[in-house]
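>>> sequence below, structure please.
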Amino acid sequence: MLLDAAPLDTSHRAGALDNLRDAGYRVAAMAKHNTTIRLRDPGQMISYVVMPMVLMLVLKPLYVRAVEGGATKVVTGLLVMFSVFAISIAGNAILAERTWRTWDRLRVSKASATELLLGKTIPIFVVMVVQQTILLIYGCLVIGLPVPRSLGYVALAMAIWAFTLLSIGAALAAIVRSHGELSVISDVGALTLSSLGGALVPLSIMPEWAQIAAHVSPGYWALIMLQAAVRGDAAGLLAPAGVLLAIGVVSGTFAVRRLTRGWGRSRLL
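Below you'll find the model as predicted:
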């Protein structure tokens, strides 16, 4: 099988470096395959770029009049909302293998569950980062978002947010039993969590109970992190980044353990 071997000299016992190269080869093979799949069906991702652009234009006057720094809030808010919707892309990438009855075949190869998840999610990680980058550039050029003081902070924030979303998507894909079930959970959950976190309506004008409940939403922490990154505020970046990394690590670990133990097999569908 493609994932069972790498083009290495096998005349000597593989050491740690050779094992790492083998793992990298298997991840790269999976990533290449899934990149091809994404490029052949880009419609969903295009919609998650175009729709927030339109909404930014429509909602900008309201944000500018309602809150200070309205341009920053409307750009980062809609960026967070529509990147949360992209959870379904990550989930579907994994769930499709179960629907096609190919996940079990991948599991019996030499590739570990971690390698399989990396191969499936790396292309989507790149897509998510590109999506956020396009929206931020659009925000600066069209909406009036201030040019970030530190591009490094912005890149770090986008990477952390994409990692968190991919981990949540992988965890969902390991427990749901159909694409319809995943769609309901991801769409309703994305709208609820991002709205509750202040992505659609500024948190400062939301009811008091919503402002308190917002702290349980990953979207709330993503907004704080991205806005701090745009300001170049390293101190303000640390706490939300830590929360999101913790959520991502827990979700990713859960997904790996679940798939490793076979709980995500295609026969559950």
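>>> doesn't G77 make contact with L200?
Yes. L200 is within contact range of G77, at 6.4 Å (criterion: CB atoms under 8 Å). The C-beta positions use only the backbone N, C-alpha and C, and glycine is treated the same way.
>>> neighbour-wise, which of these two wins?
More crowded of L200 and G77, by other CB atoms under 10 Å: G77, with 29 against 18.
>>> quick one: that one and Y138, what's the gap?
Between G77 and Y138 the computed distance is 14 Å (CB to CB, to the nearest Å).
>>> need the overlap of contacts for L200 and G77.
Common neighbours of L200 and G77 (criterion: CB atoms under 8 Å, 6 or more residues apart in numbering): none identified.
>>> who are the contact partners of G248?
Taking CB under 8 Å, 6+ apart, one finds 160, 163-164, 166-168 in contact with G248.
>>> helices - which of those residues land there?
Those of those mapping onto helices are 160, 163-164, 166-168, per DSSP state H.
>>> from the contacts of G248, which is closest to H215?
Each of the contacts of G248 was scored against H215 by CB to CB, and T164 proved nearest at 15.6 Å.
>>> pLDDT score assigned to the closest residue in space to the closest one that isn't next to it in sequence?
Excluding the flanking residues, the one nearest T164 by CB to CB, 6 or more residues apart in numbering is G248, at 4.0 Å. With respect to pLDDT, G248 scores 94.
>>> cool, Q227 as well?
At Q227, the predicted lDDT confidence score is 93.
>>> tell me the contacts of it?
72-73, 76, 236.
>>> and L79, by the same measure?
Contacts of L79 (CB under 8 Å, 6+ apart): 52, 132, 135-136, 139, 226.
>>> which non-adjacent residue is nearest G197?
The nearest residue in space to G197 (CB to CB, 6+ apart) is G219, at 3.0 Å.
>>> element containing that neighbour?
helix 218-231 (DSSP states H and E).
>>> how distant is that helix from the center of its chain?
The gap between the average C-alpha position of helix 218-231 and the chain average comes to 15 Å, counting by CA atoms, centre = their mean, to the nearest Å.
>>> and the helices in the stretch 51-200 of the chain?
Counting by DSSP state H, counting those that start in this stretch, one finds helices in the stretch 51-200 of the chain at the ranges 70-85, 87-99, 103-107, 113-138, 151-173, 179-196.
>>> V142 is in contact with P52, isn't it?
No. Using CB under 8 Å, V142 makes no contact with P52, being 11.8 Å away.
>>> which of these two has more residues huddled nearby?
Neighbour count, other CB under 10 Å: between V142 and P52, P52 has more, with 26 against 14.
>>> ok, now which ones touch that one?
By CB under 8 Å, 6+ apart, the contact list for P52 reads 78-79, 81-82, 135.
>>> where does the prediction get shaky in the stretch 101-250 of the chain?
Across the stretch 101-250 of the chain, the ranges flagged by pLDDT under 70 are 101-111, 113.
>>> before we move on, the earlier item: can I get the ones in helices among the contacts of G248 in a markdown table with neighbour count and distance to A174?
Below are the ones in helices among the contacts of G248 laid out as a markdown table (neighbours: other CB atoms under 10 Å; distance: CB to CB, whole Å):
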| residue | neighbour count | distance to A174 |
| --- | --- | --- |
| I160 | 23 | 22 |
| F163 | 21 | 17 |
| T164 | 27 | 16 |
| L166 | 28 | 13 |
| S167 | 26 | 11 |
| I168 | 26 | 11 |
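>>> if anything else comes up later, I'll come back, but that's it for now.
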